[in-house]
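Participant: Provide a 3D model corresponding to the input given below.
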Amino acid sequence: MENNVEDFMKKVIEKNPGEKEFHQVVREVIESIMPFIEKNPKYKKAKILERMVEPERVIMFRVPWVDDKGEIQVNRGYRVEFNSAIGPYKGGLRFHPSVTLSGLKFLGFEQTFKNSLTTLPMGGGKGGSDFNPRGKSDGELMRFCQSFMSELFRHIGPNTDVPAGDIGVGGREIGYLFGMYKKLKNEFTGVLTGKGRNWGGSLIRPEATGFGAVYFAQELLKTKGEDFKDKIVTISGFGNVAWGVALKLDQLGAKVVTLSGPDGYIYDKDGVKGEKIDYMLEMRASNNDRVEDYAKKYDVPFYAGKKPWDIKCDIAMPCAIQNELVGDDAKTLIKNGCKLIAEVSNMGCTPEAAKLATEKIAFAPGKAVNAGGVAVSGLEMSQNSMRYNWTSEEVDARLHQIMKDIHEACVKHGRISENKVDYIKGANIAGFVKVADAMLDYGVI
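Facilitator: The predicted structure is shown next:
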């Protein structure tokens, strides 16, 4: 079996040289799926894996825009349309200097499995730009978004590809993007999700990824006869995802004691709650990308240039960016009594960290844990199609049920003993089967 994995990975690496993030996510999926494929030769005969690791379409384009000084700037834009077997491409747009084709292929591949897990009719895609929104004025953000959409609009549509927000792309940016799309196409459609509430957006969408992550972790804790009440939780990040996690954890009686940013992390022993959670939104909107402001405002310790994983906790939930929690961090968390690492960011843990957590405690992978965001995006698409809006309670109830169903699917495909579930294996196989079966039905296309 190991030789099959290595032979497959050798071909992937040869065809995609230098794309380390993409190699990492493909290996993580292949290692858990290969035994399943060997037992189900119909997938092997049709070369489903070989087809799935190739994006259906990759679009790369120039994005020129004018800054406030009147100088022309040039960035690069991307859209990776990975797999549309079960629905239109669906996945976020990321504006960050670290954006590369390799990173977006990793995210698009991961998105295919994540979207499949939701059971909603959505394929996988991802896009963005190496544009840095930090420190930019509203005018600069608007001009960049309009230039970006002036090319992207040719490739997307409500039944083709429905982007959403991601790192660096919030409600403001979605507004600028949708406004330009509407102008260019002369139509009002549900082509983007994460829209404003008064022009087609869904209630609960800003909170959805965080809420869904907590709902998934809650289901996992139930299998151990536990819940979140009085649990100490460390999280990273301070944007929309971390905000949603902190808000729901506070409602369930847990105490969030850390937040982090590129500058370091804060430790709040009294817990991030009440107006402190509201302040997280102000920090996000400031475009300063700095968590030290929280420390100054609430007089709590700030640790410059460090990550929050040395703080004792019951549960750790990385919410920031890929590979943020490494093997040594996992060892420290386990040593300090952490019982669960729930990966809220996409591939937030390195393979070593995920392996350690799976073996020693409990680990839940991002493609399952953070599927709540895209699930509510799918619900927003449904509401747009019906020209109708559900209440907050209705959307939240649907989200909660979707996350319960995802957890159940992970347990079904990932159980390795009466008391042990490999959630990585479970999520990968559950996500794979739906997409693979659709591809078989279509024949070779």
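Participant: and residue 71, how many neighbours?
Facilitator: Here the count is done by other Cβ atoms under 10 Å, and residue 71 has 8 residues near it. Every C-beta, even on glycine, is put in place using the N, C-alpha and C of the backbone.
Participant: And it, what's its pLDDT?
Facilitator: Residue-level confidence at residue 71 comes out at 98, pLDDT.
Participant: Would you list the phi and psi of it?
Facilitator: The phi/psi pair for residue 71 (degrees, to the nearest 10) reads phi -90, psi 140.
Participant: got it, and the one 5 residues further on?
Facilitator: Dihedral angles phi and psi of residue 76 (degrees, to the nearest 10) take the values phi -110, psi 130.
Participant: Surely it is in contact with residue 59?
Facilitator: No - no contact is recorded between residue 76 and residue 59 when judged using Cβ atoms under 8 Å, the distance being 11.2 Å.
Participant: Residue 57: neighbour count?
Facilitator: Residues within reach of residue 57, counting by other Cβ under 10 Å, total 13.
Participant: Could you check how far it is from residue 81?
Facilitator: Using Cβ to Cβ, to the nearest Å, we find residue 57 at a distance of 4 Å from residue 81.
Participant: overlap in contacts of these two?
Facilitator: Counting by Cβ atoms under 8 Å, 6 or more residues apart in numbering, the residues touching both residue 57 and residue 81 are residue 155.
Participant: which residues of the stretch 1-150 of the chain fall in strands?
Facilitator: In the stretch 1-150 of the chain, the segments counted as strands under DSSP state E, counting those that start in this stretch are 57-66, 72-83, 89-95, 123-129.
Participant: For the first one, which residues meet the burial criterion?
Facilitator: Of the residues in strand 57-66, those buried under the neighbour-count criterion (16 or more other Cβ atoms under 10 Å) are 58, 59, 61, 63, 65.
Participant: Same list (these) but as TSV, adding distance to residue 9 and pLDDT.
Facilitator: Written out in TSV, the entries for the buried residues of strand 57-66 read as follows (distance: Cβ to Cβ, whole Å; pLDDT from 0 to 100):
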residue	distance to residue 9	pLDDT
58	20	98
59	26	98
61	30	98
63	33	98
65	39	98
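Participant: Relative to residue 409, which of the residues you listed is nearest.
Facilitator: Proximity to residue 409 was ranked across those by Cβ to Cβ; first place goes to residue 58, at 29.6 Å.
Participant: Was I right to think the closest one contacts residue 102?
Facilitator: No - Residue 58 is beyond contact range of residue 102, at 11.4 Å (criterion: Cβ under 8 Å).
Participant: Name the helix or strand for residue 378, please.
Facilitator: Counting by DSSP states H and E, the element that carries residue 378 is helix 371-386.
Participant: on contacts alone, who are the packing partners of that helix?
Facilitator: Judged by 3 or more Cβ pairs under 8 Å, 6 or more residues apart in numbering; DSSP states H and E, the packing partners of helix 371-386 are strand 89-95, helix 101-117, strand 161-164, helix 205-222, helix 392-414.
Participant: burial measure for residue 195, as a count.
Facilitator: One way to gauge burial is a neighbour count; for residue 195, by other Cβ under 10 Å, it gives 22.
Participant: Now do the contacts for the residue nearest to the spatial centre of the chain.
Facilitator: What sits nearest the mean C-alpha location of the chain, by Cα atoms, centre = their mean, is residue 346, with 4.6 Å. Taking Cβ under 8 Å, 6+ apart, we find residue 346 in contact with 106, 107, 110, 322, 366, 367, 370.
Participant: what's the lowest-pLDDT member of those?
Facilitator: In terms of pLDDT, the least confident member of these is residue 322, at 87.
Participant: gap between that residue and residue 402?
Facilitator: As defined by Cβ to Cβ, residue 322 lies at a distance of 24 Å from residue 402.
Participant: go on, residue 137?
Facilitator: Plainly put, residue 137 is 38 Å away from residue 402 if you go by Cβ to Cβ.
Participant: quick revisit: which one of the buried residues of strand 57-66 is nearest residue 437?
Facilitator: Of all the buried residues of strand 57-66, residue 437 sits closest to residue 58, with 25.0 Å by Cβ to Cβ.
Participant: what number of residues lie near the residue nearest to that closest one when sequence neighbours are not counted?
Facilitator: Excluding the flanking residues, the one nearest residue 58 by Cβ to Cβ, 6 or more residues apart in numbering is residue 80, at 5.3 Å. Residues within reach of residue 80, counting by other Cβ under 10 Å, total 27.
Participant: Would you confirm that residue 253 contacts residue 233?
Facilitator: No - using Cβ under 8 Å, residue 253 makes no contact with residue 233, being 10.9 Å away.
Participant: which one of those two has more residues nearby?
Facilitator: When residue 253 is set against residue 233 and neighbours are counted by other Cβ under 10 Å, the residue ahead is residue 233, at 26 against 11.
Participant: next one: the host helix or strand of that one to chain centre, how far?
Facilitator: Taking DSSP H and E as the criterion, residue 233 maps to strand 232-235. Using Cα atoms, centre = their mean, to the nearest Å, the mean C-alpha position of strand 232-235 is found 19 Å from that of the whole chain.
Participant: Give me the helices and strands touching it, please.
Facilitator: For strand 232-235, the elements it packs on are helix 240-251, strand 255-256, strand 258-261, strand 315-317, judged by 3+ Cβ pairs under 8 Å, 6+ apart.
Participant: Return the distance of whichever helix or strand comes after the last one from the chain's centre.
Facilitator: Okay, so that is strand 315-317. Downstream of strand 315-317, the first helix or strand assigned by DSSP H and E is helix 327-335. Relative to its chain's centre, helix 327-335 lies at 23 Å (Cα atoms, centre = their mean).
Participant: what comes up buried for helix 327-335?
Facilitator: Neighbour counts using 16+ other Cβ under 10 Å place 327, 329, 330, 331, 332, 333, 334 of helix 327-335 among the buried residues.
Participant: Quick check: the fifth one touching residue 312?
Facilitator: Right, the one you point to is residue 332. No - using Cβ under 8 Å, residue 332 is not in contact with residue 312, being 9.6 Å away.
Participant: Any stretches of this protein with poor pLDDT?
Facilitator: Within the chain, the ranges that satisfy pLDDT under 70 run 1-2.
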